[in-house]
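>>> Sequence first, predicted coordinates after that:
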Amino acid sequence: MKFYSQRATTATLGLIFSQRAVAQQAEVVIADAGNICPPGYAKIMTEAGCKAAMKPVALSNFQGSESDSGWPGGCYHCDGVADCVDGVWFNKDAVGSSNGEATPICAAPSWWEVDTLFVGDSDIEYWDTEDFPDSDNVGVAGDLCKDLIKLIDAQLQRHKPKRVVIVCGENDFFDYSVDQTFATFQEVIGKIIASGARAFYLGTKPEPASRWWGVHGKYLEYDAKIRDYVTALDANDPTSSPPLVMVDVNPAFKELGNPDWLYAKDNLHLSKWGYMYWNAWTKTALADTSGCARWMNDECAGSTAPSPPTPECEDDPKTDCAWVGKNSSRKKKWCKKNWQGTAVSVLCPVTCGKCKDDDYNDNAGVLSAVDKGSVF
């Protein structure tokens with residue numbers, strides 16, 4: 001974990017605030033050794049927030065993140081602490097515990113307020129959003145839109161953002177229908193808009209891995225519903241900025257050819273190149289003053305939806321799959337595949353010659369040897 005060797009890296013000495021500094025209500029302070037913050041302060045519970053808190057207290061050398069109940073929860077600092085390399089650490093264990101002279105880094109309520117808040121699943125958590133000024137990233141890998149319903153009120157109250165960048169829905173489709181997931185999405189967006197913030201949704205990704213699970217058809221249906229929702233909300237008050245803006249990722253990636261280099265090695269999450277597109281497209285949408293409600297490939301796409309997609313049931317030479325009929329047919333064949341060293345079986349979709357939208361959506365691929373929740 002933190003104990004690599006007796007050699008410790010060099011770190012800039014932190015400014016340890018005295019009781020007088022605390023009384024003056026500095027926005028960020030280094031608390032006394034232990035696992036609690038001074039009155040009027042709270043632990044910093046996001047990695048992005050931990051990194052941002054280093055500058056106000058003159059610290060450098062962020063060492064990384066962990067989940068370890070044996071160290072202070074949240075953001076903390078080590079300087080000459082046994083078994084801890086000098087520098088700043090972020091502990092995902094929210095409770096944690098005291099450990100030697102390790103010192104929590106704490107923030108006042110006003111410090112949490114940001115202009116832009118990033119919320120959602122792993123696509124948000126893994127996104128380095130430090131290039132967005134006055135922002136915080138509270139994404140949680142594996143979260144569903146259903147999970148966000150439980151979190152968003154507290155996040156909005158704490159951060160008081162003007163804009164919320166949101167990604168959620170892809171993880172829901174293993175347990176919920178498109179209609180159920182869309183209803184949850186609407187509930188989350190309703191809470192964001194009611195807080196006075198605007199929402200910026202980045203659409204689903206046509207990542208290669210998810211084709212094995214037969215959810216691409218659901219992605220397309222989900223995004224189509226959100227496009228209509230964006231248009232309907234904008235029509236309610238065309239004189240003001242759209243309360244919900246869509247960055248239409250799926251057709252934009254396909255327009256680029258959906259190359260493999262957009263994705264990480266797991267073929268599920270984005271690579272640094274994929275995130276470069278997200279950075280550019282999101283910055284354009286956030287900076288827009290024209291009132292555009294839908295963006296695609298860094299250009300305003302207005303209310304014009306992309307052409308209806310053809311069903312994605314093309315032959316896959318890697319599977320040597322004998323394509324079969326409808327899901328109701330008993331003539332099923334399971335294609336042997338390999339995912340990150342684990343053998344899995346995926347139900348073959350229908351042939352392109354017989355494929356219809358409803359058939360394809362009903363004939364979703366199923367993982368039989370991998371815990372679907374574990375891959376997100």
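Great, that's in hand. Numbers count the residues shown, from 1 in each chain.
>>> Residue 117 contacts residue 154, correct?
No. Using CB atoms under 8 Å, residue 117 is not in contact with residue 154; the gap is 11.8 Å. For the C-beta atoms, the positions are set from N, CA and C on the backbone; glycine is no exception.
>>> The two: who's more crowded?
The neighbour comparison of residue 117 against residue 154 (other CB atoms under 10 Å) goes to residue 117, with 27 against 10.
>>> what's across from that one in the sheet?
Applying DSSP bridges to residue 117 gives these bridge partners: residue 136, residue 164.
>>> Sketch out the low-pLDDT regions of the protein for me.
Scanning the chain for pLDDT under 70 picks out 1-25, 303-376.
>>> Select the longest helix from it.
In the chain, taking DSSP state H as the definition, the longest helix is helix 216-236.
>>> what helices or strands is that one leaning on?
helix 178-194, strand 244-247, helix 249-255, strand 294-296, helix 357-362 (3 or more CB pairs under 8 Å, 6 or more residues apart in numbering; DSSP states H and E).
>>> got the contact list for the most centrally placed residue in the chain?
For the chain, residue 124 is the residue whose C-alpha lies nearest the centre (CA atoms, centre = their mean; 2.1 Å). Applying CB atoms under 8 Å, 6 or more residues apart in numbering, we find residue 124 in contact with 118, 137-139, 165-167.
>>> any idea where the strands of the stretch 1-150 of the chain begin and end?
All strands of the stretch 1-150 of the chain, identified by DSSP state E, counting those that start in this stretch, fall at 28-30, 42-43, 62-66, 72-78, 87-96, 103-107, 116-120, 135-137.
>>> what helix or strand is residue 278 on?
Per DSSP states H and E, residue 278 falls inside helix 272-287.
>>> Give me the contact list for that helix.
Residues outside helix 272-287 that contact it (CB under 8 Å, 6+ apart) are 116, 127-128, 131-132, 163, 165, 200, 202, 205, 245, 247, 249, 252-253, 256, 261-264, 270, 292, 295, 297-298.
>>> same thing with stretch 39-55?
By CB under 8 Å, 6+ apart, the surrounding residues in contact with stretch 39-55 are 22, 25, 28-29, 31, 37, 60, 62, 65, 73-75, 88, 90, 94, 104-109, 111-112, 129-130, 135-138.
>>> Distance of residue 55 relative to residue 62?
Distance, residue 55 to residue 62, by CB to CB, to the nearest Å: 11 Å.
>>> contacting residues around the closest residue to residue 175 other than its chain neighbours?
Excluding its sequence neighbours, the residue lying closest to residue 175 (CB to CB, 6 or more residues apart in numbering) is residue 144, at 7.5 Å. By CB under 8 Å, 6+ apart, the contact set of residue 144 is 121, 168, 171-172, 175-176, 184.
>>> just checking, which of these belong to helices?
Using DSSP H, the subset of the contacts of residue 144 located in helices is residue 184.
>>> Make a ChimeraX selection of the buried ones in the contacts of residue 144.
Buried residues within these, by 16 or more other CB atoms under 10 Å, are selected in ChimeraX with:
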select :121,168,171,172,176,184
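>>> Can you lay out the contacts of residue 144 as a markdown table showing distance to residue 211?
Listed next are the contacts of residue 144 as a markdown table, based on distance: CB to CB, whole Å:
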| residue | distance to residue 211 |
| --- | --- |
| 121 | 19 |
| 168 | 20 |
| 171 | 16 |
| 172 | 18 |
| 175 | 19 |
| 176 | 20 |
| 184 | 24 |
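>>> give me the number of residues near residue 148?
Close neighbours of residue 148, defined as other CB under 10 Å, add up to 26.
>>> Contact partners for it?
Going by CB under 8 Å, 6+ apart, residue 148 touches 119-120, 166, 168, 184, 188.
>>> right, and the pair among those with maximum separation?
Taking CB to CB, the two most distant members of the contacts of residue 148 are 119 and 184; they sit 13.5 Å apart.
>>> on that earlier part again, which of the helices and strands packed on helix 216-236 is buried the deepest?
Mean neighbour count (mean count of other CB atoms under 10 Å) peaks for strand 244-247 among these, with a mean of 24.
>>> helices or strands next to that strand in the packing?
Using 3+ CB pairs under 8 Å, 6+ apart, the elements in contact with strand 244-247 are strand 198-202, helix 216-236, helix 272-287, strand 294-296.
>>> try 6 Å
Contact here means 3 or more CB pairs under 6 Å, 6 or more residues apart in numbering; DSSP states H and E; on that basis strand 244-247 packs against strand 198-202, helix 216-236, helix 272-287.
>>> Now render those as a markdown table, adding mean neighbour count and distance to residue 209.
Putting these into a markdown table (neighbours: other CB atoms under 10 Å; distance: least, CB to CB, whole Å) gives the following:
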| stretch | mean neighbour count | distance to residue 209 |
| --- | --- | --- |
| strand 198-202 | 24 | 18 |
| helix 216-236 | 19 | 11 |
| helix 272-287 | 16 | 13 |
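>>> Go through those and name the closest to residue 81.
Closest approach to residue 81 among these is made by helix 272-287 (32.9 Å; CB to CB).
>>> what about dumping the CA coordinates of that closest one to CSV?
Extracted in CSV, the C-alpha atoms of helix 272-287 (Å, rounded to 0.1, in the frame of the first residue of the first chain):
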residue,chain,number,x,y,z
LYS,A,272,-6.9,9.2,-22.9
TRP,A,273,-7.7,9.9,-26.5
GLY,A,274,-11.4,9.3,-26.0
TYR,A,275,-11.3,11.7,-23.0
MET,A,276,-9.6,14.3,-25.2
TYR,A,277,-12.7,14.4,-27.3
TRP,A,278,-14.9,14.5,-24.2
ASN,A,279,-12.8,17.4,-22.9
ALA,A,280,-13.1,19.4,-26.1
TRP,A,281,-16.8,18.7,-26.7
THR,A,282,-17.8,19.4,-23.1
LYS,A,283,-15.9,22.7,-22.9
THR,A,284,-17.6,23.8,-26.1
ALA,A,285,-21.0,23.0,-24.7
LEU,A,286,-20.3,24.7,-21.4
ALA,A,287,-19.0,27.8,-23.0
